[in-house]
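Undergrad: Predicted model, plus sequence, below.
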Amino acid sequence: MSSPSPSTSSQLTSYLSYLYEYSSAYSARLFEMSSSGPSSVGGDESAAQSTEPLNCIVFNQDSKCFSVGHTGGFILYNTTDILDYQSLPHEVDNSSNFRNAIIVERMFASSLVIIVSQQEPRSMHVYHFQSRNEIVTLKFGNTILNVKVNKERVVVCLEDSIFIYNLKDMKQLHTIMDTPLNKNGLIDLSAAPQSALVAYPGSSEAGTLHIFDAINLCAVNTFIAHDGPLAALKFNPDGTMLATASKKGTVIRVYSVPQGARLFEFRRGMTRCVTIYSLAFSPDSSFLCSSSNTETVHVFKLERADDEKHRQEASQDNAGGGGWFGGLGALMQQAQNYLPTQVNELITVERSFATARLPGSDKKNIAALTNLKNQLHLVVGTSDGYLYCYRVDTNAPSGGELDLVKQHRIGSNADAVARVGNEANSGRSRGGTNSGGSQGGGDSGSTPNVDDPDDFPPMSHTSG
């Protein structure tokens, strides 16, 4: 990969280091209300609605924000606004180079966004949203299928290779070459501080899983997670657990990281095969959700067998649960100990703690678990432009079917977005690019002044 000129390289390094240093300071800030700007169209049922499906919906690393890619560009939302507004506040960017955004990856709640568009599927744009500056563009020899970012690394997945970059200066650190064909770009990157574990399939025909340390640039572990090919992967917030699902979609497993020991196994159904679209942990890793091509989203409780046993024993003691039923339970436990391991596993498989019903089952979707007003909620975005929010009662013995507490329209009418896009283009500066896997530095005219907060303002939504 060719290097930028010394002056551009120095400016790029300084700028990215500045973004890296100050992005975490704003990661917990909410979108600030603005009294000027174009009218909000995200979620307004009276506004004209897009008839085309969204290209992508992506939750950020802590599920406090999510991004939407569509034919006109991309939109950024704040998850913490879901319960407070009739129409979700949002930031819109319809810059001409980002039309048909198919990947929109945001670093926590900062202004740093990584974008891949349909018209340039081999180019990755590192973009400062608030200042409308394109910092750097990287070009690859094949289509970019997935991008993951945390505060240390940027990981780019192609069909047969994975590229690892240092976030501070976008310097290429390592390339994992000749990976098994990964046509869906299935990877995940842990988001915990000073951690950057990359999980990716080790086979296109079996459920082998590789874990790579992107900080120390070395392989960590390889193990068989499922019999069949993998369909979904997700690290927990601490990077100590990894949830997996195969293409069959009936069983979801949770493994310890980096050891690869199986901790939990959950069954969606006995025979029906489904396509798992997403897996996500709750902020405290006590719950796990899965969404698929069916109308049901499952929430599982990550409770160890010993904890469950103690809870049941306490419940039986409080209810005087001795006698015949208590004896029957003991006999069943003894019988289970004599069963073959495979049969024993089927008995100990846990069903879902709670479920949520989506209005339709034919739309691609993504789910996340996040705390809103100090209570856990399940949030599901669908490709037809809706966001559904369900309250999860974590103290209940069983969550049952979750109640829908809020519904929003997401995405944007093409005409409304175009107005914002024209304004964005008028104030946006472009950086140069070099072909053949090279990078270009965004020449914004001067290095950002760390003493001037306007160089890195918090995100603010536009409201009519």
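TA: That came in fine, so what should we check first? Numbering: from 1, shown residues only.
Undergrad: contacting residues for Thr382?
TA: Counting by CB atoms under 8 Å, 6 or more residues apart in numbering, Thr382 touches 57, 358, 360, 363-365, 388. For every residue, glycine as well, the C-beta is placed using N, CA and C.
Undergrad: Could you work out the most separated pair of the residues you listed?
TA: Ile57 and Gly360 (15.2 Å; CB to CB).
Undergrad: of the two, who's got more company?
TA: Counted by other CB atoms under 10 Å, Ile57 and Gly360 do not tie: Ile57 has more neighbours, with 26 against 10.
Undergrad: where does the stretch 351-464 of the chain have low pLDDT?
TA: The model of the stretch 351-464 of the chain has pLDDT under 70 over residues 413-464.
Undergrad: so where do the strands sit in it?
TA: With strands called from DSSP state E, counting those that start in this stretch, the stretch 351-464 of the chain shows them at 354-357, 365-372, 375-382, 386-391, 400-401, 404-409, 439-441.
Undergrad: pLDDT wise, what is Arg268 at?
TA: With respect to pLDDT, Arg268 scores 79.
Undergrad: Would you quantify the distance from the closest residue to it other than its chain neighbours to Thr244?
TA: Excluding its sequence neighbours, the residue lying closest to Arg268 (CB to CB, 6 or more residues apart in numbering) is Thr250, at 5.5 Å. Distance of Thr250 to Thr244, given as CB to CB, to the nearest Å: 13 Å.
Undergrad: Check Leu372 too.
TA: 27 Å.
Undergrad: So for these two, which sits in the more crowded spot?
TA: Between Leu372 and Thr244, counted using other CB under 10 Å, Thr244 has the larger neighbour count: 24 against 19.
Undergrad: what helix or strand does the more buried one sit in?
TA: strand 241-246 (DSSP states H and E).
Undergrad: residue contacts, the residue nearest to Ser203 when sequence neighbours are not counted?
TA: Of all residues not flanking Ser203 in the chain, Pro180 sits nearest, at 5.2 Å (CB to CB, 6+ apart). Pro180 is in contact with 160, 201-204, counting by CB under 8 Å, 6+ apart.
Undergrad: Only the buried subset of these, as a ChimeraX command please.
TA: Those of these that count as buried under 16 or more other CB atoms under 10 Å are selected in ChimeraX with:
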select :201,202,203
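Undergrad: Just the contacts of Pro180: which are in strands?
TA: In this view, the contacts of Pro180 that belong to strands under DSSP state E are Pro201.
Undergrad: could the contacts of Pro180 be laid out in TSV, adding pLDDT?
TA: Below are the contacts of Pro180 laid out as TSV (pLDDT from 0 to 100):
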residue	pLDDT
Asp160	98
Pro201	98
Gly202	97
Ser203	97
Ser204	95
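Undergrad: What are the buried residues along stretch 167-185?
TA: Buried residues in stretch 167-185, counted by 16+ other CB under 10 Å: 167-170, 174, 176, 179-180, 182, 184-185.
Undergrad: Quick one: these as JSON lines, columns for distance to Ser291 too.
TA: Output for the buried residues of stretch 167-185, formatted as JSON lines (distance: CB to CB, whole Å):
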{"residue": "Leu167", "distance to Ser291": "29"}
{"residue": "Lys168", "distance to Ser291": "34"}
{"residue": "Asp169", "distance to Ser291": "36"}
{"residue": "Met170", "distance to Ser291": "33"}
{"residue": "His174", "distance to Ser291": "32"}
{"residue": "Ile176", "distance to Ser291": "28"}
{"residue": "Thr179", "distance to Ser291": "26"}
{"residue": "Pro180", "distance to Ser291": "25"}
{"residue": "Asn182", "distance to Ser291": "21"}
{"residue": "Asn184", "distance to Ser291": "16"}
{"residue": "Gly185", "distance to Ser291": "18"}
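Undergrad: helices and strands around the one helix or strand His125 maps to, which ones?
TA: Assigned by DSSP H and E, His125 belongs to strand 123-128. Using 3 or more CB pairs under 8 Å, 6 or more residues apart in numbering; DSSP states H and E, the elements in contact with strand 123-128 are strand 112-117, strand 133-139.
Undergrad: From Leu369, how far off is the nearest residue to Tyr390 once chain neighbours are set aside?
TA: The shortest distance from Tyr390 to any non-neighbouring residue, by CB to CB, 6+ apart, is to Leu402 (3.9 Å). Separation of Leu402 from Leu369 (CB to CB): 11 Å.
Undergrad: which residues do those two both contact?
TA: Common neighbours of Leu402 and Leu369, counting by CB under 8 Å, 6+ apart, are 299, 378, 392.
Undergrad: possible to save those as CSV with distance to Pro283 and neighbour count?
TA: Shown next, in CSV, are these (distance: CB to CB, whole Å; neighbours: other CB atoms under 10 Å):
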residue, distance to Pro283, neighbour count
Val299, 14, 24
Leu378, 13, 28
Val392, 12, 23
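Undergrad: Would you reformat those as CSV and include distance to Val257?
TA: Shown next, in CSV, are the shared contacts of Leu402 and Leu369 (distance: CB to CB, whole Å):
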residue, distance to Val257
Val299, 22
Leu378, 24
Val392, 24
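Undergrad: any idea which of the residues you listed is closest to Tyr85?
TA: Distances from Tyr85 to those, taken by CB to CB, are shortest for Leu378, at 18.6 Å.
Undergrad: Surely the closest one is in contact with Ala356?
TA: Yes. At 5.6 Å, Leu378 and Ala356 qualify as touching, with contact defined as CB atoms under 8 Å.
Undergrad: show me where pLDDT drops low in the stretch 151-300 of the chain?
TA: Applying pLDDT under 70 to the stretch 151-300 of the chain picks out residues 269-271.
Undergrad: out of the contacts of Thr382, which is most surrounded?
TA: The most crowded member of the contacts of Thr382, judged by other CB under 10 Å, is Ile57 (26 neighbours).
Undergrad: Now do the contacts for the nearest residue to that residue once chain neighbours are set aside.
TA: Computed as CB to CB, 6+ apart, the closest residue to Ile57 that is not its neighbour in sequence is Gly381, at 4.0 Å. Applying CB under 8 Å, 6+ apart, we find Gly381 in contact with 57, 66, 68, 365-367, 387-388, 410.
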